[in-house]
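Trainee: With the sequence up front, the predicted model follows.
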Amino acid sequence: HPEQNHGLFTYHFLKGLEKKADINNDKQITLNELFSYTQKNVQQDSNYHQNPEMFANSEYVLVNWN
């Protein structure tokens, strides 16, 4: 990503961890939420030339700021 000297995946992954991936606003980020946020933004920014995949489905909480 030109603004951060990262690739698109890393840029959006890190942004997601900064609370942007909290889709349901429960002050937690699960693996599924982080992946959904990252995948959507990477696809959009790459004009769908990049398509991240995840081969798991997990509500494991990665970040919790309660």
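Mentor: On my side now, so go ahead.

Trainee: CA atoms for contacts and neighbours, from now on please.
Mentor: Noted.

Trainee: mind listing what residue 17 touches?
Mentor: Contacts for residue 17 (Cα atoms under 8 Å, 6 or more residues apart in numbering) come out as 29, 34, 63.

Trainee: From residue 38, how far off is it?
Mentor: From residue 17 across to residue 38, the span is 10 Å (Cα to Cα, to the nearest Å).

Trainee: Then residue 46?
Mentor: Applying Cα to Cα to residue 46 and residue 38 gives a distance of 12 Å.

Trainee: between those two, which one's more packed in?
Mentor: Applying other Cα atoms under 10 Å to residue 46 and residue 38 shows that residue 38 carries more neighbours, namely 25 against 11.

Trainee: so who does that one touch?
Mentor: Contacts for residue 38 (Cα under 8 Å, 6+ apart) come out as 9, 12, 13, 16, 21.

Trainee: So it belongs to a helix, correct?
Mentor: Yes - counting by DSSP: H, G, I helix; E, B strand; the rest coil, residue 38 is found in a helix.

Trainee: Local confidence estimate at the residue most central in space within the chain?
Mentor: The chain has residue 38 as the residue nearest its centroid, 2.9 Å off, counting by Cα atoms, centre = their mean. According to the prediction, residue 38 has pLDDT 97.
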